[in-house]
Structure formats: C-alpha cells, structure tokens
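>>> The following comprises the amino acid sequence and a computationally predicted model.
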Amino acid sequence: MGTQGDQDAAHSEAHEESPHEPTQPSASDAVPDDHEAKAPTLGHAVNFTWENLTYQVPVEDKNGNITYKTLLFNLSGCAKGGRVLAIMGPSGAGKTTLMGTITGKLFNATARQEGCCFMNNNIYQQRYKRLVSYVSQDDIVMGKDTPREAIHFSARLRLGLDADAARRRTANVIKRLSLTKCQDTILGIAGILKGVSGGERKRANIGTELITNPFVMLLDEPTTGLDSVNAVRVGQLLQDLAKNDMRTVIATVHSPSSELFGLFDDLLLLARGHVIYHGPTADSIEYFASLGYHVPPRTNPTEYFMNLLQLPEEILSQLWLAWEDYIMSDAAETNPCLTPVTGAITMTDDYLEEQLKLKGANFCLQFMELLKRSWRMYMRDPGNFYGRAIQTLFFAVFLGLFFINVKLSQQGVQDRQGSLYITLMNNLFGAAMNGIAAFPPERAVFLQEQANDAYNAYIYFLAKNAAELPWQVLFPTVFDLIAYFMIHFYRSADAFFVNWFILVLLGNFGYAFGLMFATFFKESQAAFAMVPLVLLPLFIVSGMFANTDRLYPYWEWLNYLSFPRHAYLGVFTNEFRHLKVICSPVTTSCTYPNGDAVIEYMGFQGWHYWQTFVSLIVYQIGLRVIGATSLYYQGRQRRGKLQFVKNLSKRVASPRAIASARSNDELSDANSTLIGSIATPSNAYGSTGAATPSAHSSRRQPFYADDSERATLSSLDTPVTYEESPIDIEVE
C-alpha cells in the first residue's frame, strides 16, 4: 500500500494523461508550513476596483508640436474575488494599457494619468503591489531552466523561504499546474531552443507568479499562441484558481473559442479606450440583443463581438452612449460588476499586515541564488564553452608558432613588443565580446523580475560577474601557459606570474567593459559597434604605435584613461627589466644593450607593474559600478509607481456619475442627434430585459460614490488633500 504522497502523485499523473481533463486540486492540497504565506480563502477575497482611469500619451507631429492621445477614457470597473474577468477587444483597444495602469507597471514619465484603484475598501497603495501578480503575454523565462527551477527560484527570492519550505511549496505548485511530468525538462525558447510545449511553458510562467500566493492575478493574453486544447486547459486553471482559492483573476483575451469563452465569469469589452460592456459573460448576448445586435445561431459570440468592436467610430459612439444609459438603468442593479463595493468582504487589518510583513530574500540569499542560476546557465550551454576554448587554443598556438623562440637580439626586441601587444589585444577584445553577449539574452527576464521586485539590481550584476570569474581565470591561464613558453618570454616564476596576473586582470576588465556597454543598449548590435569605437583610440595612445612623449597637451588626458596603455606598460616593463644583455659579443652596432635601454627608449621608465595592478583593478570596479547603476535605473523604471494615487484629490466623474449629471432632455437630445445621423440596428433598445433610455427615471447615487469606508489618505505614498465632505463631481 503506497503512501499518501504516492497516491497523490499517481492521481496527478492520471490527470495529465488526458489533455482534455486538467487537474482540479483543491486548496487543501497545499502543504502547510510556518514559513509560507497563507493561501487566500473565502474570508479574504478581494474585489479589485478601478475608478475613472484616464491615460494619455504625448504624440509629436511633423512640426514638433506635442499633443496628447487618449488611450483610456475615464474607465471604471470591478473584478470580483472568486470570479474570472475577461477583458476583450481588438488590437489598440486599450487592454494591455488598462492592465498596466491598474497594476502600476505601465510607467511613462511623460504620460498623463488620472484615476484610482482599490482593493476592497483599501486604496491601492505602492506596498499592496506585492499582493498582485502580473503574467505577461510573452513567456519571459530563462530558457535553460526547468519549470521546477524557475518556480523554486521565484519562491526563494520573492518570498525569502528557506530551501526546504521552497521545495515543498514548489512541489505543490507543480502538482497544481499539472507540470509533474515535465518539471525537469528545460523550458526552452520558442523558435530558438527546444523544450517543453507551449502550454507547459505558459503554465510554468503562471507558476512563477502563483508561488507568491497573490490575492489578485492579472494575465495578459495567456492563451495567445496556444492550440484550442491547451487554451482551454489554461482557462480551466484560471477558473480553479478563482473558485477554489477565492483569488481575483483578470485576463485579457483576443478571440477565445466558445468553450474557453464559457469559462469566464465576467466580461469587459473595450473599443478604442471606451467600455462597450462590463458584466456577467452569460448576460452579454442578451445585452447586445437589446441594442439590436443579435448573435447569429451557431456563431461563436466572441467572433461576433470582435467584429462589432471594429465597426466605424460613429457606430461605436452609439454603443458608448448605450452603455452610459445602461449603467443608470434598473438592470444595472443586478450586475455584479456594477454593484457598489461597500458591502464587499473587507480584509482584516491583522491578516493584511501579516501578508505585507513577509519579506523577500536578504543579500546573501539573493547573491547565492543568482550565482547558482548564472552558473547553471553556463553549464547548460556547452557550445559557448567549447567555442571559447577553441578560440583560446587556436590563438595561443597560432601566436606561439608565429613568434616561436624569439631570440635575445636586436631583432628580438621588436618581436617581443609585437607579441606582447597582440596577446593583450586578443584577451581584451575576446573578453569584451563575451561581456556584450552575456546580458542581452537575459535582459527581458531581468526587467520582468525587476518589475516584480525580486532582487536588487546591484546584486544581480555582482553575481553575474562572479559567475564569469572562473572562466576569466581559466582561459587567460591556458592562453598564457601555451603562448608564454612557445614565444620564449623571460623564464622565471616572477616574470611569468606577473604576466599571467595582468592577463587575468585585463580579461576581467574586458568582460566588465563589454557588460557595461551591453546594459546601455537594448540591441546587442549597437554595443558591438560602440566597443571598438572606444577601444581603438585608447590602443593608439598605448605607446605601441607612437611614443606618448610626442602627444600634444590636449591629448595627454588619454594617457590616464588608456587602460590598454597601463596593461601594456605592465607586461612590457615586466619582460624587459629582466633582460640584462641583448647584444651579442660579435655585434658591432647595438642600439639596445639591455632591457632598461628599451624601456627608456619607449618612454616607459619609472613604471612598475604594481601600478598596472592598481589601475586595472580600480578601472574595472568603476566599470562594474556604472554597469550595475545602469541596470538599477532600468529596473526602477520598469517597477514604476502608482501614478494615479497623486491625482486622487482631483477626481473625475465616473460613467454613472456623468449620466446622473445629465438631464433626461440632454441625454435624449444627444441620442436623437446621434441616432438620426447613423443607421441604427432594428429593435434597438428592445424589450428583452435590458435597460432602455426611458428606464432612467429613477436616478441613483454615482457608482462608487460612497467613500465613507475608504481608507484615509494619510498613509499614502504621495500626500494629497482629501476632505470627508461630499464629492464635487466634475463633468467634462
């Protein structure tokens, strides 16, 4: 008789064998742990509300004039706990903009933004962002990680769990998402690296957010790119997360199948930044039928709605006005998405504070996890290792054969100069190119994790460099062991180790140099173009091609910035200071009797190799600080801020409030003018139970106008003024 764990595993695998019947575990499957966050339950359901959201971005015309384009027009809505809200609309409707705005992840310093969001009766503040997870449309993951490793990494860093608690929690999530069979298969990258299937990769991406136990989950087109079976499985998963855990689930979808459409509890239809419909999915067909838009028999409602949302603006304007009429009608009283939130379940302060006190990983844990992941990426990329190894061996042997057994003669002086210089150039450029190539594949993942505040950008950069350190020691060592003795440089332990250490320092410097430029540019091609542009002038003033004593005064500053010069001075003086006799007894003319004469002729006298050590160490520390700071500011910008909070003191009227402010005659005149100029569908505003313009005789209070239970604004991140007196509704 097997253990309970074996039975659960067998049960999970049995479900995985049938793609049409996904696992439906309950919330009780989770393994309790004192270090883990408690799962949201019925008593802690969250109603996520947004009010009067307006979002505008600047647009510059050909004359340089700036105008603002409105992407969201005064949107208000609510996503209920324990229900799945689907946001639908054509491209450019504002779906992703709305998702980014309500989560605070859409940051644009030049954009204009107004409105506010609430979690139940609590104003959605910056610190509440950790209770909300966002799954992007693209599966932004480390392609060489497995689902188990990706989810475990998220648990360790974002929750700060110890190893055992993170493993148990990861196992629960993997089982919940039906990823047991593929948990140790690499995720892969679509079209680049073969791995798990698209549906499995999507569920693993969801798992990296689910592991944090969010109250609210927002997913941007989670079914895009999936076949119908996998799309339905994702939809069933969202239903399970909402119903069993009482989570609030919001997902944007483009054109779901009828089976997937039926899995959504509520529907929000957007067209050009306006609301066309917001209510139960089951009532959407009846609502549009009341306006004269009947879904034909045996037609997928979503296809009909998508065609409807792409009609000319004149007809869409009629639908916008119809929706404003509806939210003032008696039928809106029973719409769960339009009912006021004053009667919603309120999060208890002690439970909320308990969740907010959960801290992420400390410095050591962040560094170790990031270091392990970086090292894991190297180990799973043998092509990179073999390529660098072949490059190192080839150039070392080639250089050794070309300058083999350099003679201790006047001619040998030039050979030693050239071989030392080429050795430095090869190590520096090779390391710089590797540095440029190291970050771009991880840029999207880094920015995604920074948006989730998973770790510190400086620690990431430090771990990235630490993971590369063994290679930047190994390859210069192999190169020097081959080339040094084949060329027949001065053979002493002192001379060899000084030469070796300078090559190692220069290799690490080159990697830091390339990595810094990789952080500056979104495209690696730009970084590859910039590095030679910067390095070549510094090589010219290194002292190999021209004596630096002849430089004009306005070029002297390059001597201090030219790290190739400092490296060349180090290896050059280290080699020639040991050469006591260069001229043979039979030589009649001897330009350089010894190594010191060569050093003096080159203008390198007075330089000691320890100066090279200090210079390269200080410079590469500076480069790493600059690169890490660049990443830090990029990550901070990606995290964004809740820009709508500061605009709360100037509240804009919600659609229901606007409708209340209009007189019946004004509304009737507006509709008459519009309907008179547009061919209105037959049976518009029919008697199917939906609201009609004449049903507005009973005016109610504005939507969400009762702010007596709202949290006070004294605790907001951005101070604003707020009075408890009745709200003055502004109608624009």
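Yep, that arrived.
>>> The stretch 251-400 of the chain: strands as residue ranges?
Under the criterion DSSP state E, counting those that start in this stretch, strands of the stretch 251-400 of the chain are mapped to 266-271, 274-280.
>>> for the stretch 101-250 of the chain, that is, sorry about that
So, for the stretch 101-250 of the chain - with DSSP E, counting those that start in this stretch - the strands run 112-119, 122-123, 132-135, 216-220, 248-253.
>>> The strands of the stretch 251-400 of the chain into CSV, with extra columns for mean pLDDT?
Shown next, in CSV, are the strands of the stretch 251-400 of the chain (pLDDT from 0 to 100):
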stretch, mean pLDDT
strand 266-271, 93
strand 274-280, 93
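>>> How about the contacts made by A457?
Applying Cβ atoms under 8 Å, 6 or more residues apart in numbering, we find A457 in contact with 446, 450, 628, 631-632, 634-636. Where you see a C-beta, it was placed from the backbone N, CA and C, and this is true even at glycine.
>>> which one of these has the most neighbours?
Greatest neighbour count in these, by other Cβ atoms under 10 Å, goes to L631: 24 neighbours.
>>> How about it: what's its closest non-neighbour residue?
Spatial nearest neighbour of L631, chain neighbours left out: A457 (4.3 Å); criterion: Cβ to Cβ, 6 or more residues apart in numbering.
>>> picking up where we left off before, what's the most buried one of the strands of the stretch 251-400 of the chain?
Ranked by mean neighbour count under mean count of other Cβ atoms under 10 Å, those are led by strand 266-271, which reaches a mean of 25.
>>> Okay, now the sheet partners of that strand, with direction.
strand 84-88 (parallel), strand 274-280 (antiparallel) (DSSP bridges).
>>> chain center to the last one, what's the gap?
Here strand 274-280 is found 30 Å from its chain centre; the criterion is Cα atoms, centre = their mean, to the nearest Å.
>>> got a markdown table for the strands of the stretch 251-400 of the chain, with distance to D381 too?
Output for those, formatted as a markdown table (distance: least, Cβ to Cβ, whole Å):
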| stretch | distance to D381 |
| --- | --- |
| strand 266-271 | 42 |
| strand 274-280 | 48 |
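>>> circling back: mind checking which of the strands of the stretch 101-250 of the chain is nearest W471?
Proximity to W471 (Cβ to Cβ) singles out strand 132-135 among the strands of the stretch 101-250 of the chain, at 34.3 Å.
>>> Neighbouring strands - and their directions - for that closest one?
According to DSSP bridges, strand 132-135 has these partners: strand 216-220 (parallel).
>>> Can you dump the C-alpha atoms of the strand it pairs with in PDB for me?
The C-alpha coordinates for strand 216-220 follow below in PDB (Å, rounded to 0.1, in the frame of the first residue of the first chain):
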ATOM      1  CA  VAL A 216      -5.100  39.200  -7.500                       C
ATOM      2  CA  MET A 217      -3.700  37.600 -10.700                       C
ATOM      3  CA  LEU A 218      -3.600  39.600 -13.900                       C
ATOM      4  CA  LEU A 219      -2.700  37.700 -17.100                       C
ATOM      5  CA  ASP A 220      -2.100  39.400 -20.400                       C
END
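>>> Tell me how many other residues surround V478.
Each residue near V478 was counted by other Cβ under 10 Å, and the total is 14.
>>> Could you do A155 as well?
Neighbours of A155 (other Cβ under 10 Å): 26.
>>> tell me the pLDDT at it?
Predicted confidence (pLDDT) for A155: 92.
>>> How much space separates it from T212?
Distance, A155 to T212, by Cβ to Cβ, to the nearest Å: 8 Å.
>>> Tell me which helix or strand T67 sits in.
Here T67, judged by DSSP states H and E, is contained in strand 66-79.
>>> For the contacts of A457, could you give me JSON lines that also reports pLDDT, secondary structure and distance to L569?
Shown next, in JSON lines, are the contacts of A457 (pLDDT from 0 to 100; DSSP: H, G, I helix; E, B strand; the rest coil; distance: Cβ to Cβ, whole Å):
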{"residue": "F446", "pLDDT": "93", "secondary structure": "helix", "distance to L569": "37"}
{"residue": "Q450", "pLDDT": "88", "secondary structure": "helix", "distance to L569": "40"}
{"residue": "A628", "pLDDT": "94", "secondary structure": "helix", "distance to L569": "28"}
{"residue": "L631", "pLDDT": "92", "secondary structure": "helix", "distance to L569": "32"}
{"residue": "Y632", "pLDDT": "92", "secondary structure": "helix", "distance to L569": "34"}
{"residue": "Q634", "pLDDT": "88", "secondary structure": "helix", "distance to L569": "36"}
{"residue": "G635", "pLDDT": "85", "secondary structure": "helix", "distance to L569": "38"}
{"residue": "R636", "pLDDT": "82", "secondary structure": "helix", "distance to L569": "40"}
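>>> which of these lies closest to D162?
Q450 (23.9 Å).
>>> what sits against that closest one?
Taking Cβ under 8 Å, 6+ apart, one finds 457, 634-636, 638-639 in contact with Q450.
>>> Please parse the chain into its domains.
For the chain, automatic domain parsing gives the domain ranges 45-356, 385-639.
>>> Dump these to CSV, plus distance to K372.
Converted to CSV, those look like this (distance: least, Cβ to Cβ, whole Å):
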stretch, distance to K372
domain 45-356, 9
domain 385-639, 9
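>>> buried ones in stretch 69-87?
For stretch 69-87, the neighbour count (16 or more other Cβ atoms under 10 Å) marks 71-87 as buried.
>>> Point out where the stretch 451-600 of the chain drops to low pLDDT.
Residues of the stretch 451-600 of the chain meeting the criterion pLDDT under 70: 541-557, 559, 581-589.
>>> element containing the nearest residue in space to A567 that is not next to it in sequence, please.
In space, and not counting its chain neighbours, A567 is closest to L506: 4.9 Å by Cβ to Cβ, 6+ apart. Here L506 sits within helix 493-520, counting by DSSP H and E.
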